[in-house]
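Enquirer: Provide a 3D model corresponding to the input given below.
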Amino acid sequence: MARPNNCPPVLFLVFNRPDYAGVVFEAIRQAAPQRLYIAADGPRDRPGEAELCAKVREVTTAVDWECEVKTLFRDENLGCGKGVSSGVSWFFENEEAGIVLEDDCLPSMSFFRYCEELLETYRDDPRVLAISGSNFQRGQPVMSDSYFFSRQAHCWGWASWRRAWNQYDFEMSHWPAFRDGGGLRAWSIGNPVFEDYWTLVMDKTADKEVDTWDYQWILTGWLHNGLTCTPVRNLVTNVGIGPTGAHPTTGDYWFSHQPAAELEFPLKHPQLLAWNAVADEIADWERYNIKPFDSGREAEEKLVQAMDQMEEITHQFRAARAELGDKSRQLVQAKNTINRMEASRFWKLRDKFASTARYFGIRGGD
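Expert: Numbering: from 1, shown residues only. Here you go, the predicted model:
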């Protein structure tokens, strides 16, 4: 359980879903942060949305514990991209470090203490970009540590520092150079599918075909070699995946409503601050359907194919050489036959000439 009054400052990002916001707000209430920031995007021009937004703001400001509350309630709608990223920027303008929760990300109580401890542990370590509450490994592999270091800054419940968020670039100005310079290859575990997947996603985001903020945050980690602490057990349930979400989906995804577990304390820290590529490869497959790529096996298969092709070429060469040998022998035989025919013809002509010479009394040489 999180210990009251030790919870870091919390940013609560809300919009137009009072039911979800109320459930997540109750979890925040149990954690009892001393400072709570609430950022709400403005309603769109849709029937009933203004009333829903007003209800959300009423629910999420009903603070009944000792807490300083700050609000950023917008009149206009900025959308999923600017609405969220500007709210996070506002939060880190006021706090050096803290937790960020959206209105559909329901954390376990362990999540708050987990973030509290790791925010302090890695406060001044630029190698760590963020702390995530999500785990997409479906229970594999089993680790003895409480968390590992991932290249993915998953944001269904997360925490970070001002020093890290200051590197965030919503416009993705460095993406083209990073992409064209092969930057993804360093994070791909040798998997071209990973490179293709994220090139497509980042291109669409940079071209404003996708209205979001989180892909830019993932890119921030890649650009600055920043790793994300990821728990070995999932600590946050996304209760908002579905037709009412910001990006509606009707797919039956296993990670929707994935249960939020509790961690054991004290935390067991990894011995090395290093990227766990094996764990990420599993999460790539389970979360993004990026098939694992075994470069060693692939290289072996290509070598076997090359050897088979070489053997076939050798066989064809030997057959061609044998055929050429047969034709050479036939040519020699034909030449010999012609030579014999020419020689026979020569002697016949010579004999005929000699007979004719004797008839006319001409003396020829032998």
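Enquirer: And the helices in the chain, which stretches?
Expert: Using DSSP state H, the helices of the chain run over 18-31, 49-60, 79-94, 109-121, 162-165, 175-180, 192-206, 214-223, 277-288, 295-360.
Enquirer: out of those helices, nearest to residue 72?
Expert: helix 79-94 (5.3 Å; Cβ to Cβ). Where C-beta positions appear, they are placed from N, C-alpha and C, glycine not excepted.
Enquirer: for the stretch 151-300 of the chain, what are the low-confidence residue spans?
Expert: 242-252, 254, 294-300 (pLDDT under 70).
Enquirer: Tell me if I'm right that residue 14 and residue 54 touch.
Expert: No - when contacts are counted by Cβ atoms under 8 Å, residue 14 is not listed as touching residue 54 (11.4 Å).
Enquirer: Name the residue in the two with the higher neighbour count.
Expert: Between residue 14 and residue 54, residue 14 has the larger neighbour count (other Cβ atoms under 10 Å), namely 25 against 15.
Enquirer: Could you check how far that one is from residue 157?
Expert: Noted for residue 14: a distance of 14 Å to residue 157, by Cβ to Cβ, to the nearest Å.
Enquirer: Number of residues surrounding residue 130?
Expert: 29.
Enquirer: can you pull the contacts of it?
Expert: Each residue near residue 130 by Cβ atoms under 8 Å, 6 or more residues apart in numbering is listed here: 153, 155, 158, 159, 160, 164, 217, 221, 226, 228, 229.
Enquirer: Neighbour count and distance to residue 195 added to those, as a markdown table?
Expert: Below are these laid out as a markdown table (neighbours: other Cβ atoms under 10 Å; distance: Cβ to Cβ, whole Å):
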| residue | neighbour count | distance to residue 195 |
| --- | --- | --- |
| 153 | 25 | 18 |
| 155 | 24 | 22 |
| 158 | 26 | 25 |
| 159 | 26 | 29 |
| 160 | 29 | 26 |
| 164 | 23 | 25 |
| 217 | 27 | 19 |
| 221 | 21 | 16 |
| 226 | 21 | 19 |
| 228 | 26 | 20 |
| 229 | 28 | 25 |
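Enquirer: mind listing which of those residues are in strands?
Expert: Judged by DSSP state E, the contacts of residue 130 include 158, 159, 160, 228, 229 as members of strands.
Enquirer: Nearest spatial neighbour of the last one, chain-adjacent residues omitted?
Expert: This points to residue 229. The spatially closest residue to residue 229, leaving aside those adjacent along the chain, is residue 131, at 4.4 Å (Cβ to Cβ, 6 or more residues apart in numbering).
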